[in-house]
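S.K.: Predicted coordinates and the sequence they were generated for:
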Amino acid sequence: MAVEARRSPRYPLHTELEIRSARGIIAAQVIDISREGMFIATRAPLAVGDTFEARLRLAKPLVVQCEVARILPGRGFGLRYVVN
């Protein structure tokens with residue numbers, strides 16, 4: 001049985017996400033979100049440690065800086081928020 005390493009609960013959130021990086025603008029889908037980060041589904045060529053601006057399409061758009069924390073091949077990416 002795997003030990004849960006997250007410090008905050010995750011909440012389902014199905015909304016579009018726009019990734020803006022040096023590679024251009026890439027579409028993604030948010031699967032869930034927490035206080036520290038989110039899990040997204042995308043076929044974007046991202047690597048652990050990549051950073052980018054993420055724009056969530058909500059009633060009031062939200063822009064956050066993110067870093068790829070983990071990759072689950074065929075499923076998506078775990079992101080953490082980057083605070084400057």
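M.R.: Perfect, I can see it now.

S.K.: how much space between V83 and P45?
M.R.: The gap separating V83 from P45 is 25 Å, by Cβ to Cβ, to the nearest Å. Using the backbone N, CA and C atoms, a C-beta is placed for each residue, glycine as well.

S.K.: again with R20
M.R.: Using Cβ to Cβ, one gets 15 Å for the distance from R20 to P45.

S.K.: Those two: who's more crowded?
M.R.: Relative neighbour count places R20 above the other of R20 and P45, with 13 against 8, counting by other Cβ atoms under 10 Å.

S.K.: so where does the more buried one fall, helix or strand?
M.R.: strand 11-21 (DSSP states H and E).

S.K.: Give the buried residues for that strand.
M.R.: Neighbour-count burial for strand 11-21, with 16 or more other Cβ atoms under 10 Å as criterion, is recorded at 13, 17-19.

S.K.: ditto for stretch 22-30
M.R.: Neighbour-count burial for stretch 22-30, counted by 16+ other Cβ under 10 Å, picks out 26, 28, 30.
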